[in-house]
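Participant: From the sequence below, what's the structure:
(chains A, B, C and D)
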Protein chains: 2
Amino acid sequence: MEEIDDILKRSQLSVTESRKQILTLFLDATSALAHNDIEKLTGNDFDRVTIYRTLQTFVEKGIIHSIPAIDNSVRYALCRHECSDGQHQDKHVHFFCDSCTNMFCMDELTIPEMQLQKGFVAKQTNMLISGICRSCNISRKR
Amino acid sequence: MEEIDDILKRSQLSVTESRKQILTLFLDATSALAHNDIEKLTGNDFDRVTIYRTLQTFVEKGIIHSIPAIDNSVRYALCRHECSDGQHQDKHVHFFCDSCTNMFCMDELTIPEMQLQKGFVAKQTNMLISGICRSCNISRKR
DNA sequence: ATATAATTGCAACATTGTTGCAAATTTTTT
DNA sequence: AAAAAATTTGCAACAATGTTGCAATTATAT
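Facilitator: Have a look, this model is predicted:
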């Protein structure tokens, strides 16, 4: 896959083994990944510190975005849309499954605009819905 | 204040020094409190573990609710409305100020309902807006 | 191919959160 | 009001998560 190298170069990042592998994980992921997931999925290939720093770099470059969770575990997912350096606009809703603890990006659900009190200026909006996801609902019915 | 004892008793909790003090903090707070805030505000009167357990208990009893934050720090605030044991309904928007890192409950802003994909069942919705709060905006203009 | 720049891994540390258990406190019972 | 029962607390010890400085390695530019 040359795609991966391209994404990194486009963000002016050196192409290294760790960045390639971690980026691949995000491209393949169906749900958001926590630091710990990445550690396991890469199977001790990289130092914990490297993973922290890679995630941080990716967020700064607008490649991935962090998602606030209720259970106090930060997760990250690819920015599918127009996220650039620094400023990150996350217009879609996130869904956290209480059962399988997977986090999904509901790309098709747009967060509605909110009218804040005078003096408050909004820069970013996050919307997080928790409940039971489809595959968990299906397996329950069995 | 008898109010505090009442709140605790209504939730079938023993009235202890730590619970009273921590609950008082929440009643007086204008913004959401993190574990660390409470530790500082109570000035080493209580063990860290006690604070963790107290917060957990309060959440379970529906006295406070936890708020997911982007910066990976869980914060808690009083449940002003109809929150009961276990099930917690958080209908209002939270605002996180990037400048002073305070978290505010925007009680007057109700989270709109969202139509999820088939199979997904929502139990709780969180909406978190980040930006600059009023007092930070005012002090910037000076 | 070499020089320069950036990234990695290691070590060491700080912070945050969890668990078991004995001592202390609160509530209930007598 | 005192004793028994139940709950809560603090301590110790540990696990997980996140951060920083620095030398060694790897990637990029010359």
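Participant: any idea how far the residue nearest to A:D98 when sequence neighbours are not counted lies from B:F120?
Facilitator: In space, and not counting its chain neighbours, A:D98 is closest to A:S130: 5.7 Å by Cβ to Cβ, 6 or more residues apart in numbering or on different chains. Every residue, glycine included, has its C-beta placed from N, CA and C. According to Cβ to Cβ, to the nearest Å, A:S130 and B:F120 sit 10 Å apart.
Participant: can you check A:L13 too?
Facilitator: Here A:L13 is placed at a distance of 35 Å from B:F120 (Cβ to Cβ).
Participant: likewise A:R19?
Facilitator: As judged by Cβ to Cβ, A:R19 and B:F120 stand 33 Å apart.
Participant: who has more neighbours, the two?
Facilitator: More crowded of A:R19 and B:F120, by other Cβ atoms under 10 Å in any protein chain shown: A:R19, with 23 against 20.
Participant: which element is that one on?
Facilitator: According to DSSP states H and E, A:R19 maps onto helix A:17-28.
Participant: so what strands line up beside the helix or strand following that helix?
Facilitator: Downstream of helix A:17-28, the next assigned helix or strand under DSSP H and E is strand A:33-34. Using DSSP bridges, strand A:33-34 pairs in its sheet with strand A:75-78 (antiparallel).
Participant: Just the CA trace of the partner strand, in PDB.
Facilitator: C-alpha atoms of strand A:75-78 as PDB (Å, rounded to 0.1, in the frame of the first residue of the first chain):
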ATOM      1  CA  ARG A  75      -9.800   6.600  22.000                       C
ATOM      2  CA  TYR A  76      -8.700   7.700  18.500                       C
ATOM      3  CA  ALA A  77     -10.200   7.400  15.100                       C
ATOM      4  CA  LEU A  78      -9.300   8.500  11.600                       C
END
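Participant: pLDDT on it, on average?
Facilitator: When pLDDT is averaged along strand A:75-78, the result is 91.
Participant: what about that strand, distance to the chain center?
Facilitator: Offset of strand A:75-78 from its chain centre (Cα atoms, centre = their mean, to the nearest Å): 1 Å.
Participant: helices and strands around the next helix-or-strand element following that strand, which ones?
Facilitator: Next along the chain after strand A:75-78, taking DSSP H and E as the criterion, comes strand A:92-97. Using 3 or more Cβ pairs under 8 Å, 6 or more residues apart in numbering or on different chains; DSSP states H and E, the elements in contact with strand A:92-97 are strand A:103-110, strand A:121-132.
Participant: Among the ones you listed, show me which one is buried the most.
Facilitator: A comparison of the helices and strands packed on strand A:92-97 by mean neighbour count, using mean count of other Cβ atoms under 10 Å in any protein chain shown, puts strand A:121-132 on top with a mean of 19.
Participant: after it, next one along is what?
Facilitator: With secondary structure assigned by DSSP H and E, strand A:121-132 is succeeded by helix A:134-141.
Participant: What residues sit buried inside that next one?
Facilitator: Judged by neighbour count using 16 or more other Cβ atoms under 10 Å in any protein chain shown, the buried positions of helix A:134-141 are A:134, A:136-137.
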